[in-house]
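*Asks:* sequence plus predicted model, see below.
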Amino acid sequence: MARANGDGSGLLAALLGAIVSGTVRVVDLTMTLDRRTPTLVLPPELGQSWPFRMEEISRYDHRGPAHYWNNLSCGEHTGTHFDAPIHWVSGRDLPNNATDTVPAELFLAHASVVDCSAEAARDPDFLLTVEAVEAWEGTHGPIPSRSWLLMRTDWSRRSDPAAYLNMGEEGANTPGPHPDLVRWLIEERDVVGFGCEAVGTDAGQAAHFKMPFPCHHMMHGHGRFGLPALANLDKLPPQGAVVIAAPLKIRQGSGSPVRALALVEDAPRAAP
Amino acid sequence: MAEGRRGYEGIAVCAPATVPYTRYAIRSAHWFCGRALAATIEAAGIRKSDIDGYCVSSFTLAPDSAVGLMQHLGLSPRWLDHIPMGGASGVVALRRAARAVQAGDAEIVACIGADTNHVDSFRETVASFSQFANDAVYPYGSGGPNSSFAFLTDHYMRTFDAKREDFGRLCIAQRRNARAVPYAMMRRPLTMDRYLEARVVAAPLRLFDCVMPCAGAEACLVMTSDRARSLGLPHAEILATIERHNAFPDDPIQIRGGWAVDADALYDQAGLGPEDVDVVQAYDDYPVICFMQIEDLGFCAKGEAGAFVAARDLTTDGDFPFNSSGGQLSAGQAGAGGGFLGLVETVRQLTGRPVGRQVAGARSGLVSCFGMINYDRGLCSAAAILGSAGP
Amino acid sequence: MSRPPPPPRRKDPRARTRLPTLPPGNRSREALGMTAMAAQGRFALQRCRDCRKVQYPPRQICGGCLGDALEWRDLPDGGTLLAETRLEHSNDLYFRDRLPWRLGVVAADAGPSIVVHLAEDCETGARVRLALRLDRAGNAVVTARPETPDGGEGDDMQLREMAFGPRHRRVLIVDGKTAMGLALARAFAAAGARDVFIGHARPWRRSPHLEAARAVDRATLFPLDVTDTRSVADLAAMIGDKVEIMVNNGYHLRMGGAVDRCDLNTAHEEMQIHYHGLLRLAGSFGPAMRARGADGHHGAVAWLNLFSAYAWVNNPALGTYSASQAAALSLAQCLRAELARGGVRVVNAFHGPIEDEWHQLAPPPKLVPETAARRIVAALEKGVEDVPVGAVAEEILARWRENPKEIERAVRL
């Protein structure tokens, strides 16, 4: 293992130096959490996730003259968040499947970013297929194992919560992965998980698929993760970025809001 | 009804005293009581230790009662009464005191009606006057007695076709009587035009129909005639008294008082009739209640007081001398002191020592009292006939 | 004859707002029995069970037979006006601000003579109709109107002080996404509300009712989520000084009790909307409403809460829902006491099962929102404080008053 050297000659020192100099950019992939942050819409007779709420404890006032702080409440799967395998029934018996037991090194991984923004703009129910990803690999090279597959749709630019959730009478109309792609990503590419910009990793209409919610069912059933509600995927290169997305260490948590970051090493000619 | 009632032979009223009235005072009710007592003692030429009985009436003595006043003034009486009957207190005090003296329970009883009037004390008094008033009158416009007497006046006018001029004549005559009375707060002559055009207070009542609350005190002494004579005190004697509470409870609105029940008993006991009375003092916070007393005490028939007042002259020089010191409508209403005003003035007239003008040849006087609008009507009525004790 | 209230004008920013004052509120315990009757919109006086003498003012001992069995009985409300006055002077600040003030003495058909607040168009000697109303201090008073009055109580300057109708006033309906919210918006607009502000939460949930509410006369829609402190505060910052009638109509109903289908999250959501929601609204809108209790002829007057009748008695099939309604009802009592200083009335309307998606299996009769809304507006116009809406709620309240144990054991959905 490489040692961190105080003289700046180690690997991490080089990384920090690159961040400081701007050769490595830090891209914030996180939505701002606030009271308007949309959460998944389920049939009203089912259990519901709490929205993000903040109650002031004190603000330099009679409740606490020197300090400002808040109490927060929200569901685990609120805003940009991490889905652990235990989130789904298919992953409930896996080892190390919860926020406190997933090995920490898995919170850092390479990202392959497939741009589907044009397709999603044409068709909100757009499904990303194996064929499309194979074509993408033809251009950008194969997806390395232990990588996130991130599906860019520019969905996060929809600032109106109703447009973002895009609910219709038959459910949500938001893009997501085709069931075959999910299986292929696990079996053929050994991804660490699937990330996207919509409120959940499955497509809005996934409840009506033959296997409902295939991304949740198969990814979590195979110990993989989800990383929905990402932002700024347009600022990532197709290949080469490193994503850091660690959930809160909640005992037996099924997920948690995260501050997702990406490290991007710019090619000399690709400076924005 | 008067059968078997004992008379008041040998009981005297004397030493009338008045603490001059002021619109507002910073003194307490204790001060007014104390000054009234001092004045009556001085008039009688006795010491305070000579007085062994007290009858006290005051709205503003709270939280004290007559008991606390005794310690306050350094008195040790063997007989004490507190009479919370407002405008009826004077005659009621006289009745109580006379019987105490007759029975030997006290030798000299001082009767005192006194109230102060701080800037806000009238409002405080009416705002917590009684349970029924708190519950069922004061929340309705908070007019105090003005609104209650407005109802009675309105109803009287409609029922008996009375006119404002009828009330005006009474008010104008009383004001004329007040012109020589130094403690009367209103002595400016009242004309019918001023009376009729005054600002409305509670329709149909206008300013000169309404008594003005003020601070002041009235007092006198009750003792045996023998004792009065031995002290060399001019005095009047009690010929008859009556008292009645909550008369005619089934009348839907008040058009008469307890006098209508008991007037015959009063005259029987006095051995006089209304026509024999030389001077009348009637409780007069509003003229309509004077009309009811004039009627109920037999000076005219029910509903005819307007015509009666128009036909007679109510001034001290007239043929029906009425409220000869100007009454409360000129002097002001010194709280419970107002209930003693007529009594004290009657003693003065019958002993030939008026503060204002003497009614010539006055040998008998009727004093009538009325008090306590607990809800919709005055509950307490009382009257006494006094006679001069001769030379 | 009536002095109708002038139409509202825009507020003069240079003028000092008139501070709220209240009529005298010092009442005996017995008189508060009359307040209980007025709160229900009843004309009831004490009557002796033994000698049947009707008593007024209220007392503890019969003025006829000295018995103590005095019962509040609904009685004929007719009477004859014996005398009247028009006060041009008052000892009390509240009335001084509102002079002249007309009063009368009525010989009630029921027996006693009663001092009353008098409508402008009453004539002495004529027949009148008596009513118990709550004054701005929240206590019962007796009013008299002609047997056949010209207009509504809200059209009489004086009786308007004891009514809380929406005419010329600006109303905030908290939840416009329900059928009841829409019906209320329409009913308030029809009753002459100056503005109908309509709140709506959770923009991703479409509501045909909200779409229809857009078309209501003088309606304006605002985002308002009572589970969100900031959302409530934001709206109060925008229109808090204009709301004269608050209509807190949000509800969240799910099946489940404490043992059967115990669900903390559902209970939490119910509390969020019913209890914490009311608390947030009170904290944000209450201060301005209380301060504007005497702001002209059309100042803030009423805070209406739409509660379930199960606030009084728990329906175990809706156990946590009922409990959260009870919590909100308790908070409404606190609010009532606090708003009373400004003369702002808290009115609680209690409904039974509503004809909506959450009462699918409730047996009829179910409340039609339009009927309920009209009833609620009428209650505000009458100044009633506790309003059971519909047959089920009326029955629950009547049985609760008679025997709380009986109804506790009998309530089932």
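*Replies:* Thanks, I have it. What you see is a predicted model; the values in this text were computed from it and never measured. Residues are numbered from 1 along each chain as shown, chains lettered A, B, ... in the order given.

*Asks:* tell me the spacing between whichever residue of the stretch 151-300 of chain C sits closest to chain B and A:Asn232.
*Replies:* Here the stretch 151-300 of chain C gets closest to chain B at one residue, C:Gln158, 9.8 Å apart by CB to the nearest CB. Where you see a C-beta, it was placed from the backbone N, CA and C, and this is true even at glycine. Remark: distance between C:Gln158 and A:Asn232 (CB to CB, to the nearest Å) = 66 Å.

*Asks:* the two: who's more crowded?
*Replies:* It is C:Gln158, of C:Gln158 and A:Asn232, that has more neighbours when counted by other CB atoms under 10 Å in any protein chain shown, with 20 against 17.

*Asks:* show the contacting residues for that one.
*Replies:* Residues in contact with C:Gln158, defined by CB atoms under 8 Å, 6 or more residues apart in numbering or on different chains, are C:3, C:98, C:101-102, C:117-120.

*Asks:* what separation do you get for it and chain A?
*Replies:* Using CB to the nearest CB, to the nearest Å, we find C:Gln158 at a distance of 43 Å from chain A.

*Asks:* now do C:Glu123
*Replies:* Distance of C:Glu123 to chain A, computed by CB to the nearest CB: 58 Å.

*Asks:* that residue: what secondary structure?
*Replies:* C:Glu123 falls in the coil class when you classify it by DSSP: H, G, I helix; E, B strand; the rest coil.

*Asks:* for it, grab the count of nearby residues.
*Replies:* Counted with other CB under 10 Å, the neighbours of C:Glu123 add up to 13.

*Asks:* is it correct that it is in contact with C:Leu81?
*Replies:* Yes - when contacts are counted by CB atoms under 8 Å, C:Glu123 is listed as touching C:Leu81 (6.9 Å).

*Asks:* overlap in contacts, these two.
*Replies:* Common neighbours of C:Glu123 and C:Leu81 (CB under 8 Å, 6+ apart) do not exist.

*Asks:* count the residues that sit near the residue in chain A positioned nearest to chain B.
*Replies:* Taking CB to the nearest CB, chain B has its nearest neighbour within chain A at A:His62, 35.8 Å off. For A:His62, the count of nearby residues is 7 (other CB under 10 Å).

*Asks:* quick one, phi/psi of it?
*Replies:* Dihedral pair for A:His62: phi -60, psi -20, per degrees, to the nearest 10.

*Asks:* over to the one 4 residues further on?
*Replies:* When quoted as degrees, to the nearest 10, the phi and psi of A:Ala66 stand at phi -100, psi 0.

*Asks:* cool, A:His81 as well?
*Replies:* The phi/psi pair for A:His81 (degrees, to the nearest 10) reads phi -150, psi 170.

*Asks:* how many neighbours does it have?
*Replies:* When neighbours are defined as other CB under 10 Å, A:His81 has 31 of them.

*Asks:* show me the contacts for it.
*Replies:* A:227-229, A:247, A:255-258.

*Asks:* and B:His82, by the same measure?
*Replies:* Going by CB under 8 Å, 6+ apart, B:His82 touches B:55-57, B:65-67.

*Asks:* out of those residues, who has the most neighbours?
*Replies:* Within the contacts of B:His82, neighbour counts (other CB under 10 Å) peak at B:Ser57, which reaches 32 neighbours.

*Asks:* pretty sure that residue sits against B:Ala97.
*Replies:* No - under the criterion of CB under 8 Å, B:Ser57 is not in contact with B:Ala97, lying 11.8 Å apart.

*Asks:* close to chain C, is stretch A:169-189?
*Replies:* No - using CB under 8 Å from any CB of the partner chain, stretch A:169-189 stays clear of chain C, with a minimum separation of 8.6 Å.

*Asks:* please point out which parts of that stretch sit buried.
*Replies:* Residues A:171-179, A:181-186, A:189 are the ones in stretch A:169-189 that count as buried (16 or more other CB atoms under 10 Å in any protein chain shown).

*Asks:* so for those, which is the shakiest by pLDDT?
*Replies:* Model confidence across those bottoms out at A:Gly171, which has 91.

*Asks:* contacting residues for it?
*Replies:* By CB under 8 Å, 6+ apart, the residues touching A:Gly171 are A:204-205, A:207-208.

*Asks:* please redo it, this time with the cut-off set to 10 Å
*Replies:* A:41, A:43, A:125, A:203-208 (CB atoms under 10 Å, 6 or more residues apart in numbering or on different chains).

*Asks:* now B:Arg363
*Replies:* When contacts are counted by CB under 10 Å, 6+ apart, B:Arg363 touches B:236, B:276-279, B:349-350, B:386-390.

*Asks:* can you list which of these are found in helices?
*Replies:* B:349-350 (DSSP state H).

*Asks:* list only buried entries from the contacts of B:Arg363.
*Replies:* By neighbour count, with 16+ other CB under 10 Å, the contacts of B:Arg363 hold B:236, B:277-279, B:349-350, B:386-389 as buried.

*Asks:* JSON lines for those, including distance to B:Asp313?
*Replies:* Below are those laid out as JSON lines (distance: CB to CB, whole Å):
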{"residue": "B:Ala236", "distance to B:Asp313": "24"}
{"residue": "B:Val277", "distance to B:Asp313": "15"}
{"residue": "B:Asp278", "distance to B:Asp313": "14"}
{"residue": "B:Val279", "distance to B:Asp313": "13"}
{"residue": "B:Gln349", "distance to B:Asp313": "16"}
{"residue": "B:Leu350", "distance to B:Asp313": "20"}
{"residue": "B:Leu386", "distance to B:Asp313": "22"}
{"residue": "B:Gly387", "distance to B:Asp313": "23"}
{"residue": "B:Ser388", "distance to B:Asp313": "22"}
{"residue": "B:Ala389", "distance to B:Asp313": "28"}
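
*Asks:* who are the neighbours in contact with the residue in the stretch 1-150 of chain A positioned nearest to chain C?
*Replies:* Nearest residue of the stretch 1-150 of chain A to chain C (CB to the nearest CB) works out as A:Arg35 at 4.8 Å. A:Arg35 is in contact with A:51-54, A:74, C:225, C:227-231, counting by CB under 10 Å, 6+ apart.

*Asks:* how does it look with 8 Å?
*Replies:* By CB under 8 Å, 6+ apart, the contact list for A:Arg35 reads A:51-54, C:225, C:228, C:230-231.
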